[in-house]
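pasting the structure only:
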């Protein structure tokens, strides 16, 4: 009954039901289950301090049982309680306890993911990278190796970007980009059927794009878009694939992938807010390049509909007008410029 109420999200009732079980009359395995239910209910209610205390009891009971599954599950709840209290360093240390071959594979994978995630939040990238490197050295063929390689590669990619941003010349200062790419490639080669191959291809595409390898980055982004489910990551993969195609002069293909991002944005606010505006602008530019007036006009109309006051919308319309002028369609160009003057009367581009 307590488990059913947890599933329903009725944490108060779940806690009350679990407390009706008197620990003194239960066998050790059921005492652990009772504490496990209480801890989950307390976390669900936002009672983090009480949940942390309960998780300490849980860990002690699991250690007495000497059952790896119970120990690993106890550590997860203890780390979650610490995380909700803002004690991220302690939480990361607890997750590291599950980075061993005794823990179930799914909990090893979760621990590796959380170590990387908490490192990013805390800005402790080097520390997390070392922990993940140590794990891979201890368990090179481990079944959770794909998650370790993914997390390590992502941290190295972040470290590279930070190093570039802090470099006086804005140039590469380390070989971290190469190391990150090597880890993503190793994941794909060693774990071809991993659930995170799509994410690995996306990150590998970023590495190749940063190294200005447009052909291979496009292939990686295409593989990521195919492997990932409909999601934010898939939309990013399609957008970056379109960028690579645009830069290589493959304008029709770029329009197709930018358009897929726009279609995704029709039902996903995050994609619409962050990706659709630049995608529509790029559709305008690519359409002008191949004299596809219908596609350019449709993208410009969508820009005006979704982002009427945007600087990007103004830029896209100005670019479209210039494109029509270059292609000899003076009437269409004049119409676009006149509409710009009406829509953006105080624009810094008025004279242009």
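Thanks, I have the structure now. Quick caveat: nothing in here was measured; it's all calculated off a predicted structure.

what's the residue lying closest to residue 310 once chain neighbours are set aside sitting at in phi/psi?
The shortest distance from residue 310 to any non-neighbouring residue, by Cβ to Cβ, 6 or more residues apart in numbering, is to residue 277 (6.2 Å). C-betas here are computed from N, CA, C, even on glycine. Backbone geometry at residue 277, expressed as degrees, to the nearest 10, gives phi -60, psi -50.

Now do the same contact list for residue 277.
Going by Cβ atoms under 8 Å, 6 or more residues apart in numbering, residue 277 touches 303, 306, 307, 310, 312, 313.

for stretch 158-169, which positions count as buried?
Neighbour counts using 16 or more other Cβ atoms under 10 Å place 158, 159, 160, 164 of stretch 158-169 among the buried residues.

now do stretch 51-61
Using 16+ other Cβ under 10 Å as the test for burial, stretch 51-61 gives 51, 52, 54, 55, 57, 58, 59, 61.

Looking at it now, give me its mean pLDDT.
Across stretch 51-61, the average pLDDT comes to 92.

mind checking how far that stretch is from the chain centre?
32 Å (Cα atoms, centre = their mean, to the nearest Å).

Among the contacts of residue 277, which one lies nearest to residue 70?
Of all the contacts of residue 277, residue 306 has the smallest distance to residue 70: 52.1 Å, by Cβ to Cβ.

Ignoring the adjacent residues along the chain, who's closest to that closest one?
residue 276 (6.6 Å).

I'd say that neighbour and residue 267 touch.
No: using Cβ atoms under 8 Å, residue 276 is not in contact with residue 267, being 11.4 Å away.

Looking at those two, which one has more neighbours?
residue 276 (24 against 9; other Cβ atoms under 10 Å).

how about the residue lying farthest from the centre of the chain, what does it touch?
Most distant from the centre of the chain: residue 25, at 46.8 Å, with distances by Cα atoms, centre = their mean. Residues near residue 25 by Cβ under 8 Å, 6+ apart: none.

returning to what we had before: farthest-separated two in the contacts of residue 277?
Spanning the widest gap among these are 306 and 312, at 10.6 Å by Cβ to Cβ.

which of these two has more neighbours?
Using other Cβ under 10 Å, the more surrounded residue of residue 306 and residue 312 is residue 306, with 17 against 14.

what's the distance between the more buried one and residue 313?
Applying Cβ to Cβ, to the nearest Å, the value for residue 306 to residue 313 is 9 Å.

Residue 256 now?
The spacing between residue 256 and residue 313, counted by Cβ to Cβ, is 22 Å.

do residue 274 as well
As judged by Cβ to Cβ, residue 274 and residue 313 stand 16 Å apart.

Comparing these two, which residue is more hemmed in?
Using other Cβ under 10 Å as the criterion, residue 274 and residue 313 rank with residue 313 on top: 24 against 16.

who are the neighbours in contact with that one?
277, 281, 303, 304, 307.

Skip the chain neighbours and tell me the closest residue to the fourth one.
Taking Cβ to Cβ, 6+ apart as the measure, residue 304 lies nearest to residue 313, with 6.2 Å between them; neighbours along the chain are not counted.

host element of the one you found?
helix 311-326 (DSSP states H and E).

who's in contact with the next helix or strand along the chain from that helix?
Where DSSP H and E defines the elements, the next helix or strand beyond helix 311-326 is helix 330-343. Contacts to helix 330-343, defined as Cβ under 8 Å, 6+ apart, come from residues 293, 300, 304, 308, 314, 317-318, 320-325, 347, 349-350.

Go through the buried residues of stretch 51-61 and flag which are in helices.
51, 52, 54, 55, 57, 58, 59, 61 (DSSP state H).

From residue 95, how far off is the fifth one?
When Cβ to Cβ is applied, the distance between residue 57 and residue 95 equals 19 Å.

again with the fourth one
Distance of residue 55 to residue 95, computed by Cβ to Cβ: 13 Å.

next one: the second one
Applying Cβ to Cβ, one obtains 15 Å for the distance of residue 52 from residue 95.

Also residue 26?
Distance from residue 26 to residue 95, by Cβ to Cβ: 29 Å.

Those two: who's more crowded?
Using other Cβ under 10 Å as the criterion, residue 26 and residue 95 rank with residue 95 on top: 28 against 13.

counting residues per helix, which one in the chain is longest?
Every helix in the chain considered (DSSP H), the longest is helix 145-166.

Against which helices or strands is that one packed?
On a contact count with 3 or more Cβ pairs under 8 Å, 6 or more residues apart in numbering; DSSP states H and E, helix 145-166 meets helix 105-122, helix 125-138, helix 176-190, helix 197-210.

List the buried residues for the longest one?
The one in question is helix 105-122. In helix 105-122, counting by 16+ other Cβ under 10 Å, buried: 107-119.

Next, format these as JSON lines and append distance to residue 201.
Shown next, in JSON lines, are the buried residues of helix 105-122 (distance: Cβ to Cβ, whole Å):
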{"residue": "107", "distance to residue 201": "26"}
{"residue": "108", "distance to residue 201": "23"}
{"residue": "109", "distance to residue 201": "18"}
{"residue": "110", "distance to residue 201": "22"}
{"residue": "111", "distance to residue 201": "24"}
{"residue": "112", "distance to residue 201": "19"}
{"residue": "113", "distance to residue 201": "18"}
{"residue": "114", "distance to residue 201": "23"}
{"residue": "115", "distance to residue 201": "22"}
{"residue": "116", "distance to residue 201": "18"}
{"residue": "117", "distance to residue 201": "20"}
{"residue": "118", "distance to residue 201": "25"}
{"residue": "119", "distance to residue 201": "23"}
